[in-house]
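Q: Mind looking at a prediction? Sequence and model below.
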Amino acid sequence: MSSIFEIVTYTVTDREKAETGRQTACKVVADYPGFISWTCFSETDTGKHFVDLIEWDSAENAKAAQDRFPQDSKVQAIMSVFDESLAMVLARKV
């Protein structure tokens, strides 16, 4: 079975708070079942547009993490700075 990649794109209202929250979120998600890796990107102009590429061992674990993440009290710092442009896509590498 091949890995599943979760591609998350979003803009934030507070870049510094988002960077700190993202670091915490990465540590928290690393303990979720099926987690393999998390690669972070920030756009170069304003730094308020983020892309996260999260690798999972299965679609089931990726979907379970998507359900769990918004309810996880340990990641509220990043959740609080999302604006309305959050998008999440699950994809397979071809």
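A: Alright, I've got the coordinates. Numbers count the residues shown, from 1 in each chain.
Q: Beyond the helix or strand of the chain with the lowest mean pLDDT, next helix or strand please.
A: Across the helices and strands of the chain, mean pLDDT, DSSP states H and E gives its lowest value to helix 76-79, namely a mean of 77. Next in sequence after helix 76-79, counting helices and strands by DSSP states H and E, comes strand 87-92.
Q: Please, where are all the helices along the protein?
A: Using DSSP state H, the helices of the chain run over 15-29, 59-68, 76-79.
Q: Distance from the second one to the middle of the chain?
A: Using C-alpha atoms, centre = their mean, to the nearest Å, we find the averaged C-alpha position of helix 59-68 to lie 12 Å away from the chain's own average C-alpha position.
Q: Next: the shortest one.
A: The chain centroid and the centroid of helix 76-79 are separated by 11 Å, computed with C-alpha atoms, centre = their mean.
Q: residues in contact with that helix?
A: K17, A18, T20, G21, R22, T24, A25, P70 (C-beta atoms under 8 Å, 6 or more residues apart in numbering). In this view, the C-beta of every residue, glycine as well, is placed from N, C-alpha and C.
Q: Check those residues and tell me the two furthest apart.
A: Across those, no pair lies farther apart than T20 and P70, at 18.4 Å, counting by C-beta to C-beta.
Q: Have a look at those two and say which one is more surrounded.
A: Set T20 next to P70 and count neighbours by other C-beta atoms under 10 Å: T20 wins out with 14 against 11.
Q: quick one, what contacts the closest residue to V51 other than its chain neighbours?
A: Nearest residue to V51, sequence neighbours excluded (C-beta to C-beta, 6 or more residues apart in numbering): F41, at 4.2 Å. Neighbouring residues of F41 by C-beta under 8 Å, 6+ apart: F50, V51, D52, L53.
Q: what's the first-to-last distance across stretch 73-93?
A: Start-to-end span of stretch 73-93 (C-alpha to C-alpha, to the nearest Å) is 31 Å.
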